[in-house]
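> here's my sequence, what's the structure:
(chains A, B and C)
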Amino acid sequence: MYPFSIDVFAARNCWYVASFSRDVTRTPMERWLLDEPVVLYRKENGEPIALEGRCAHRHFPLGEGKLVGDNLQCPYHGFTYAPDGQNVRIPSQDRPSAKCRIKSYPVVEKWRWIWIWMGDPALADPALIPDHGDIGLDDPKLVTDEVLHEELDARYQLIHDNLMDLTHVAFLHQNTLGGGSEASASAKVTETEGENWMEGERIIQNIPTTPHFAGYLGYDGLCDRIIGQRYYLPALHFGWDKYAYPAGHAEAGKIFGQLLVYHGITPARRNSAHYFFATARDFGQEAQEEMRAATSAVIREDVWGLSHVERMLRACNDEMPPEYSARSDTQQLMARRKLEKLIASEMKMAAE
Amino acid sequence: MYPFSIDVFAARNCWYVASFSRDVTRTPMERWLLDEPVVLYRKENGEPIALEGRCAHRHFPLGEGKLVGDNLQCPYHGFTYAPDGQNVRIPSQDRPSAKCRIKSYPVVEKWRWIWIWMGDPALADPALIPDHGDIGLDDPKLVTDEVLHEELDARYQLIHDNLMDLTHVAFLHQNTLGGGSEASASAKVTETEGENWMEGERIIQNIPTTPHFAGYLGYDGLCDRIIGQRYYLPALHFGWDKYAYPAGHAEAGKIFGQLLVYHGITPARRNSAHYFFATARDFGQEAQEEMRAATSAVIREDVWGLSHVERMLRACNDEMPPEYSARSDTQQLMARRKLEKLIASEMKMAAE
Amino acid sequence: MYPFSIDVFAARNCWYVASFSRDVTRTPMERWLLDEPVVLYRKENGEPIALEGRCAHRHFPLGEGKLVGDNLQCPYHGFTYAPDGQNVRIPSQDRPSAKCRIKSYPVVEKWRWIWIWMGDPALADPALIPDHGDIGLDDPKLVTDEVLHEELDARYQLIHDNLMDLTHVAFLHQNTLGGGSEASASAKVTETEGENWMEGERIIQNIPTTPHFAGYLGYDGLCDRIIGQRYYLPALHFGWDKYAYPAGHAEAGKIFGQLLVYHGITPARRNSAHYFFATARDFGQEAQEEMRAATSAVIREDVWGLSHVERMLRACNDEMPPEYSARSDTQQLMARRKLEKLIASEMKMAAE
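Here you go, the predicted structure:
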């Protein structure tokens, strides 16, 4: 399926964001992840649980079910499942059956999101979740915010493509972010990568501090900005925008403000996706509502744009003329290939 | 298609409920039955007619047509058909053509429903309709009611499955019927079957008379309840709930009240179905509205549940993991196999 | 696809109506034509332009784009195209690429419609557009009107079929045109045809002048009516309805009024179509609104009818029993065959 060059859908042996913490409660919730029905709820002690969202008996959607203690009961014939997916009650008979079970997915609640492992549970090592220390989510000096969750009517890879080609900023976001992007585009980018990540960073020297932020930052002179982004394949993009005093300033090089952003991206159905967007920053702590409005407006522009691309792809039944790629697409194309390889090697492993 | 294990859709050489009598009038009505477009109307003498709902000329939907006497005229070019499906007028030429005809389906109006035969008309023996004497529909002591007709967004076999596994009552109907079901579940069931029917009956002794009905029945002591259901494959389920004085009572064994229910089930499209639900009873004759509200609330719970199962099946493109069956599913599985055999033998006969 | 007997969709090397002039402006507009996304706009000098409605870079729908002078800019990454389809700007790099281009379609604005050539541009000879002199569209004595544009939820050939079998008038249009059609049906038709056109004409003698028009025509006696229609395959039907003084009148044979009609038909998607309907007449010039209401009511009946046929075809997955054709369908069947041949020869030519 476009934009992949081979017939793959999504990597499974990895952690994805299933939800923000606040949306998983004692009322079971159906959510499709990687084209599978999942039901999310919490145990009485607050621990999050993710089970297959389909009863093993007659396929009833368990997102409509109800909790009996820590167990989930199907509303059709009352089949009841423990948090490990094992059936523990079949009301019409004396005892449950060991053969009756549904999938249970490993989940880890970290910061204020619920990470889920949709692949082989034996491989679900929590250490594979991007280190929250590295991305500022355990830094008490930062104020964090779960800005929005949207279910996009667009295949997930379109969101990755979008984030891997930031030349869209001056156009798609011209009403929100557009202003500063020209200077940014001319700065040299330093690119690095590892097995499952890619990073780009540029330093833009001697530009005005973003007027909108100057008040919160308590500084309105020229500054250096360090803007970067790291893609942790296949589920998270972490971005930073740091303000430093420029050469010539008494404290040259010292960072006096930073805004961090997080894009959690999870396939929903084959051509829809969950977008979890969050931020962290060390300034404007009192302006939570205002900052949220400003950043969510940007993401909504992406949602608008990507929905239009998806609409076109579907109208063409995915039979478009070959796409034209510019030099600025190099990173995006590398990211696609990297993910394709990841998925292909998983499929090969599964077939062995 | 699930839940059949072989590739079959529906039996054709049998009678199905096409409509309640009240819905077939002098205004033609389109209704899809067994995945075919049918148009239903009445002749001037009131006789019901069922014709193919598609003009032989250019496929116009004849449910949009108008009656000219007993004949049906297409609103596009005026092609007109007699009740036997034969074209009787082509306005642009002097005479109709014997070669121009549409299907005419045998119909029988019995009680207040219209039975239709969608298969080989030569085999349409009205004696094959379930005997209305056996099911109480010609008993003048009973008050009858056409409670509801719904077109479900669910394949028809899900309704049969639902009716063949009554362990759903305590869960899906816990807000309407739930209360008495636990005692019912423990009573021994007597099961019998014939070539094209299956029956189950249980007798529950010394239980309180349903509080809701006690006033109408004029008795609020303990009673015996005889609860049963007969499935006339593939179109009708007939159920009974009879109240008898218990052992020790002066008139022990005498039945002092009965509620009969009828579930007419007819495939509409491949994954939708018509549900015709009716009742008969010998008590509470003055409480028609109240009884109708009570019983239709139960059926609406089934509609809710089965629509959710169908939604899940479609979301999975009918590719679910194998279902788990409990002991209480034995009758349901037998009923599925019986119907599969019926359809398969029809297909074999048609192929010969 | 029905109603073609061979597997063809539409002729490409020919002119179709893409739009009425009034709808093509300085705001780009997406329109699907022959199952391709097209974007229509005007240059600063007013010249109409038709480009592929999909960016060569990442498939963004260019109907959402904006104009920069005469060029069209994609709202996603700012790729910009000249009216000939050539990319002229890739914002992330110094120069555009000659390899980056989208299709540009030849267009001709004639009368108040925009004609488009969806096939091989080398063959786009404006002389192939039906001669507007022949069809009265350059006659200053006639008042013309673009009555309506509708996008029908029906495959385009159903509209041609409809226009090639006018026996539908007495039925589908019985509330608008029905009255006079019986006499019309009995008149002899003169049929002629050329390579890419077909024509039929009938003269009906000594009938009353249409009561509705008598006031505008200033004559309410008997008249002769010359009614005809020419089908310019595959995109336009031109019809005429002329009033002449009858034999015995002092000016016998002189035409004292004419109403001309134009049906522009363009495939949109595989099973939808654009219907552009216009009129010209030499009477009732002051009654534009009233005449428009009267004629558009007729076309809306066609839209209603054809949408119902399309609905039935889709419900049957295009698997209907063979259609029955009457003698009055001869012209329609010839027209279908003629168009099939046209398309097949194009496909053969393309394959060579």
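> quick test: name the residue nearest the centre of chain A.
Centroid-nearest residue in chain A: residue A:264, 0.9 Å away (criterion: C-alpha atoms, centre = their mean).
> which residues does that one form beta bridges with?
Per DSSP bridges, the residues bridged to residue A:264 are residue A:236, residue A:276.
> and it, how far from chain B?
23 Å (C-beta to the nearest C-beta, to the nearest Å). Any C-beta I mention is one placed from the backbone N, CA and C, and that applies to glycine too.
> run a quick neighbour tally on the residue in the stretch 1-150 of chain A positioned nearest to chain B.
Among the residues of the stretch 1-150 of chain A, residue A:92 lies closest to chain B, at 3.6 Å counting by C-beta to the nearest C-beta. Look at residue A:92: counted by other C-beta atoms under 10 Å in any protein chain shown, it has 18 neighbours.
> that one contacts residue B:325, doesn't it?
No - if you go by C-beta atoms under 8 Å, residue A:92 and residue B:325 don't touch, sitting 11.2 Å apart.
> any stretches of the stretch 251-352 of chain A with poor pLDDT?
Along the stretch 251-352 of chain A, no part satisfies pLDDT under 70.
> quick one: the helices in it, in order.
Taking DSSP state H, counting those that start in this stretch as the test, the helices found in the stretch 251-352 of chain A are A:288-315, A:330-351.
> same check, this time on chain A
Using DSSP state H, the helices found in chain A span residues A:156-164, A:169-172, A:181-186, A:211-217, A:288-315, A:330-351.
> mind checking which of these is nearest residue C:155?
Closest approach to residue C:155 among those (C-beta to C-beta): helix A:288-315, 16.6 Å.
> check whether that closest one comes near chain C.
Yes - counting by C-beta under 8 Å from any C-beta of the partner chain, contacts between helix A:288-315 and chain C involve A:305, A:308, A:309, A:311, A:312, A:313, A:315.
> okay, those in JSON lines with neighbour count and distance to residue C:208 next?
Shown next, in JSON lines, are these (neighbours: other C-beta atoms under 10 Å in any protein chain shown; distance: C-beta to C-beta, whole Å):
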{"residue": "A:305", "neighbour count": "24", "distance to residue C:208": "62"}
{"residue": "A:308", "neighbour count": "18", "distance to residue C:208": "57"}
{"residue": "A:309", "neighbour count": "23", "distance to residue C:208": "60"}
{"residue": "A:311", "neighbour count": "14", "distance to residue C:208": "54"}
{"residue": "A:312", "neighbour count": "22", "distance to residue C:208": "55"}
{"residue": "A:313", "neighbour count": "21", "distance to residue C:208": "59"}
{"residue": "A:315", "neighbour count": "18", "distance to residue C:208": "51"}
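> ok, which pair from those is furthest apart?
With distances taken as C-beta to C-beta, the most widely separated pair in those is A:305 and A:315, at 15.9 Å.
> next, count neighbours for the residue of the stretch 251-352 of chain A found nearest chain C.
Residue of the stretch 251-352 of chain A nearest chain C, by C-beta to the nearest C-beta: residue A:328 (3.6 Å). With neighbours defined by other C-beta under 10 Å, the count for residue A:328 comes to 19.
> just the strands in the stretch 51-200 of chain A please.
A:66-68, A:71-73, A:80-81, A:87-89, A:104-105, A:107-110, A:113-117, A:143-152, A:189-193, A:197-208 (DSSP state E, counting those that start in this stretch).
> could you give the angle of the last one to helix A:330-351?
Between the axis of strand A:197-208 and that of helix A:330-351 there is an angle of 160 degrees, by axes from the mean of the first three to the mean of the last three C-alpha atoms, to 10 degrees.
> any idea how chain A splits into domains?
Residue ranges for the domains of chain A, per automatic domain parsing: A:15-123, A:132-351.
> most tightly surrounded among these?
domain A:15-123 (a mean of 19; mean count of other C-beta atoms under 10 Å in any protein chain shown).
> over to it now: how far is its first residue from its last?
The first and final residues of domain A:15-123 sit 11 Å from each other (C-alpha to C-alpha, to the nearest Å).
> still on that earlier bit, as a markdown table, the domains of chain A with distance to residue C:129 would be great.
Converted to a markdown table, the domains of chain A look like this (distance: least, C-beta to C-beta, whole Å):
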| stretch | distance to residue C:129 |
| --- | --- |
| domain A:15-123 | 50 |
| domain A:132-351 | 28 |
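> for residue B:70, find the nearest of those.
Among those, domain A:15-123 comes nearest to residue B:70, with 46.7 Å by C-beta to C-beta.
> who's in contact with stretch A:157-169?
Stretch A:157-169 is contacted from outside by A:3-4, A:152, A:177-178, A:181, A:184-185, A:198, A:229, A:231, A:234, A:237, A:263, A:265, A:273, A:275, A:302, A:305-306, A:309-310, A:328-329, A:331-332, A:335-336, A:339, C:58, C:76-78, C:91-92, using C-beta atoms under 8 Å, 6 or more residues apart in numbering or on different chains.
> got it, and stretch A:307-321?
Residues outside stretch A:307-321 that contact it (C-beta under 8 Å, 6+ apart): A:1-2, A:152-155, A:158, A:271, C:32, C:37, C:54, C:56, C:58-61, C:64, C:76.
> one more time with 10 Å
When contacts are defined by C-beta atoms under 10 Å, 6 or more residues apart in numbering or on different chains, stretch A:307-321 is touched by residues A:1-3, A:150, A:152-155, A:158, A:161-162, A:271-273, C:30, C:32, C:35-37, C:52-56, C:58-64, C:75-76, C:102-103, C:269.
> residue A:345 reaches residue A:14, doesn't it?
No - look at residue A:345 against residue A:14 with C-beta atoms under 10 Å: they stay out of range, at 12.0 Å.
> which residue does the stretch 201-350 of chain A bring closest to chain B?
Residue of the stretch 201-350 of chain A nearest chain B, by C-beta to the nearest C-beta: residue A:269 (8.0 Å).
> who in the stretch 1-150 of chain A is up against chain B?
Contacts of the stretch 1-150 of chain A with chain B, taken as C-beta under 10 Å from any C-beta of the partner chain, map to A:30, A:32, A:35-37, A:52-66, A:73-79, A:87, A:90-94, A:96-97, A:99-103.
> from residue B:76, how far out is residue A:36?
According to C-beta to C-beta, to the nearest Å, residue A:36 stands 47 Å off from residue B:76.
> typed the wrong thing, it's residue A:283
Applying C-beta to C-beta to residue A:283 and residue B:76 gives a distance of 71 Å.
> hmm, back to that, residue B:248: which of the domains of chain A is closest?
domain A:15-123 (31.1 Å).
> endpoints of stretch A:115-124, how far apart?
11 Å.
> distance from the chain centre to it, please.
In terms of C-alpha atoms, centre = their mean, to the nearest Å, the centre of stretch A:115-124 is set 16 Å apart from its chain centre.
> now stretch A:105-124
How far stretch A:105-124 lies from its chain's middle: 13 Å, per C-alpha atoms, centre = their mean.
> ok, now stretch A:25-40?
Distance of stretch A:25-40 from the chain centroid (C-alpha atoms, centre = their mean) equals 16 Å.
> same question, stretch A:94-109
27 Å.
> stretch A:148-155 now?
10 Å.
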